[in-house]
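Participant: All I have is the shape, not the residue letters:
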């Protein structure tokens, strides 16, 4: 190849390089799009309200003498004659009672560990496996907030670990410690006094250790007569009367009452809704049993019947609650990315059967297809304040999961 031809080739290559550089620079300067990846999300059709708990409750009192030691937790179930609390002469007597209970639990564990049938048949490898599994269960329940099982799992780990030490010869036995515990229990028992009073349940019920003075007014049989002003005035309050023990709840059934704007008829009796409370991560499913419009459609009293009763749900008379009417899963799209695009489509005339053009406007977004913006239609299933949720598999021409949604740098013409 002669020198003239080489110069021509190099010249063309140089020109191509310059054009490519200018093109990249131009795109960078004039098409600096801001994008957001299309991801799955869940939109909630819901609203926050001030909820008031309505339950059938009976206040429990006693003579007010001594200091109460409760024998049942809040939300615990009682049978007829079950002990609710004991009244003792001093705080020291309550501490003695609790110490005896702790020592008896430890003694029972040591008896279980020291059982010849346990140590003679146990194998170190099996114990190690069981210990690992129990520890994983403990962590799992703790993360889920299932605290009711934690104590039994903790005791099981203590038994397994102590048994392992026995069968591997690291511990000789627990007879000396058990004797010491039994001696302490005997000493404490001698110092223990009988309770001044024992308060028992007069019926089968669930117990709550506080009273707020609204037990008579806020009952299920008074639900139809509730007013907006009455609900607005309800607050969390606790009685300081010394003679008050707590209250008995008749059954698991209760109603959450609230004031909502139902002018758009978004609520109907027998609708199922989900309640999310500020006091607990658990959600509760309920059914609408009351829509009282006496105060006007914009101030409608709603009553939602529920059957879940837990410690957290009996700690308050009122709290902020999210009423969830529905949840919609799809692709989340920010509102600032929405555009309208007009297309001409062929449709069939229902009278003549002929194909005729029709102008159709679609709501959608622009996405980056390579380096070029391309319009994608949306099948919106939920609208939030600053975003919408579109169907994940709406079909050809619609937004797809993981598309790069253009949120900036696009005008109304797709430029």
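Facilitator: Looks like it came in fine. It should be emphasised that the depicted structure is a prediction, and the values quoted were computed from it without experimental measurement.
Participant: burial of residue 191, as a residue count?
Facilitator: 10 (other CB atoms under 10 Å). All C-beta atoms are positioned from the backbone trio N, CA, C, and that covers glycine.
Participant: and what of the one 3 residues further on?
Facilitator: The criterion is other CB under 10 Å. On that basis, residue 194 has 9 neighbouring residues.
Participant: How about residue 180?
Facilitator: Counted with other CB under 10 Å, residue 180 comes out at 12.
Participant: now the one 3 residues further on
Facilitator: Counted with other CB under 10 Å, the neighbours of residue 183 add up to 10.
Participant: which SSE is it in?
Facilitator: helix 175-191 (DSSP states H and E).
Participant: show me where the stretch 201-350 of the chain has strands.
Facilitator: 205-208, 244-249, 254-260, 272-277, 283-292, 300-306, 318-334, 339-348 (DSSP state E, counting those that start in this stretch).
Participant: Which of those sits closest to residue 404?
Facilitator: Closest to residue 404 of the strands of the stretch 201-350 of the chain, according to CB to CB: strand 318-334, at 12.3 Å.
Participant: tell me the angle of the closest one relative to strand 283-292?
Facilitator: With axes from the mean of the first three to the mean of the last three CA atoms, to 10 degrees applied, the angle from strand 318-334 to strand 283-292 works out at 110 degrees.
Participant: now for strand 318-334, which elements pack on it?
Facilitator: strand 40-54, strand 254-260, strand 272-277, strand 380-383, strand 387-390, strand 404-408 (3 or more CB pairs under 8 Å, 6 or more residues apart in numbering; DSSP states H and E).
Participant: So which bits of the helix holding residue 183 are buried?
Facilitator: Residues of helix 175-191 classed as buried: 178, 181, 185 (neighbour count, 16 or more other CB atoms under 10 Å).
Participant: Dump the helices and strands packed on strand 318-334 to a markdown table, plus mean pLDDT, mean neighbour count and distance to residue 223.
Facilitator: As requested, the helices and strands packed on strand 318-334 are exported to a markdown table (pLDDT from 0 to 100; neighbours: other CB atoms under 10 Å; distance: least, CB to CB, whole Å):
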| stretch | mean pLDDT | mean neighbour count | distance to residue 223 |
| --- | --- | --- | --- |
| strand 40-54 | 91 | 18 | 6 |
| strand 254-260 | 95 | 22 | 6 |
| strand 272-277 | 94 | 18 | 17 |
| strand 380-383 | 89 | 16 | 32 |
| strand 387-390 | 92 | 21 | 35 |
| strand 404-408 | 92 | 18 | 48 |
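Participant: Dump these into TSV; add distance to residue 340 as well.
Facilitator: Shown next, in TSV, are the helices and strands packed on strand 318-334 (distance: least, CB to CB, whole Å):
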stretch	distance to residue 340
strand 40-54	21
strand 254-260	33
strand 272-277	34
strand 380-383	13
strand 387-390	13
strand 404-408	15
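Participant: Which one, of these, ends up nearest to residue 217?
Facilitator: strand 40-54 (9.7 Å).
Participant: Given that closest one, what are its sheet partners and their directions?
Facilitator: Strands that pair with strand 40-54, judged by DSSP bridges, come out as strand 254-260 (antiparallel), strand 318-334 (antiparallel).
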